[in-house]
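Okay, predicted coordinates and the sequence, questions at the end:
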Amino acid sequence: MTILDIVTYPEPFLKQPTKPVENIDGSIQELITNMADTMYVAPGVGLAAIQVGVDKSIIVFDESPDKEKRAYRVLINPEIVEMEGETLSENEGCLSVPDFRADVKRSALAIVEGLDRDGNPLKIEAGGVLSIILQHEIDHLNGILFIDRISALKRDLYKRRVKKALKKK
């Protein structure tokens, strides 16, 4: 089991869009397994490759994370092709934005297309928690953090708190 380091805000790397995966080879398979291990240990319900310092368009997720069952899923080069409705993701958090949670407006339904870990086309029609997880993780692949989707006031309060903590280090 390899646990990867999670990149945290305000690291500028998190703000860049990721590059698509061109070839699903052994190193990509190893990365996916390591990302899943990291997600379960963290613990979290989703993880994007950029969050572990890898500039690739890959996410792993498990809406009911059970460390024993490990029923995680993988999307390579995922894209949201359709969104519908609106919902409030209450108390949303992020492994790359530690110690902060906020309510975030998201689409109620999301249709996502991408590839599974074997390169087969995959289409997921998601509502509820799964929709929120997919939107959150795909945002990461586009250089967007959930704090970019909250009010400027709440975002500024968080940024000030992080700067203060970094000065103390």
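On my side now, so go ahead.

hey, let's count contacts and neighbours off CA atoms from now on
OK.

can you give me the helices for this structure?
For the chain, applying DSSP state H gives helices covering 26-41, 128-141, 152-168.

Can you tell me which of those helices is nearest to S96?
Closest to S96 of the helices of the chain, according to C-alpha to C-alpha: helix 128-141, at 9.7 Å.

Buried residues in that closest one, which are they?
For helix 128-141, the neighbour count (16 or more other C-alpha atoms under 10 Å) marks L130, S131, I132, I133, L134, Q135, H136, E137, I138, D139, H140, L141 as buried.

do stretch 109-121 as well
L109, A110, I111, V112, E113, G114, L115, D116, R117.

Pull the CA coordinates from that stretch and hand them back as CSV.
The C-alpha trace of stretch 109-121 is given here as CSV (Å, rounded to 0.1, in the frame of the first residue of the first chain):
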residue,chain,number,x,y,z
LEU,A,109,-28.0,15.9,-11.7
ALA,A,110,-24.9,15.4,-13.7
ILE,A,111,-24.2,13.2,-16.7
VAL,A,112,-20.5,12.4,-16.9
GLU,A,113,-18.6,10.6,-19.7
GLY,A,114,-15.0,9.2,-19.5
LEU,A,115,-13.1,6.0,-19.6
ASP,A,116,-12.8,3.3,-16.9
ARG,A,117,-9.4,2.1,-15.8
ASP,A,118,-9.3,-0.4,-18.7
GLY,A,119,-10.0,2.4,-21.3
ASN,A,120,-13.6,1.4,-21.9
PRO,A,121,-16.1,4.3,-22.5
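
Just checking: what are the partner strands of the lengthiest strand in the chain?
Identified as the longest strand of the chain according to DSSP state E is strand 73-84. Strand pairing for strand 73-84, determined by DSSP bridges: strand 58-61 (antiparallel), strand 109-115 (antiparallel).

Can you add distance to V41 and mean pLDDT and give the ones you listed back as CSV?
Shown next, in CSV, are these (distance: least, C-alpha to C-alpha, whole Å; pLDDT from 0 to 100):
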stretch, distance to V41, mean pLDDT
strand 58-61, 13, 98
strand 109-115, 25, 98
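
Out of those strands, the one nearest T33 is which?
T33 lies closest, by C-alpha to C-alpha, to one member of these: strand 58-61, at 9.1 Å.

And the pLDDT at the residue nearest to the spatial centre of the chain?
Geometric centre of the chain, nearest residue: E137, 2.7 Å, by C-alpha atoms, centre = their mean. If you check E137, the pLDDT there is 98.

try D66
66.

Repeat that for D118.
pLDDT, D118: 97.

neighbouring contacts of stretch 21-31?
Identification of contacts with stretch 21-31 by C-alpha atoms under 8 Å, 6 or more residues apart in numbering yields K56, S57, I58, I76, N77, R117, D118, G119.
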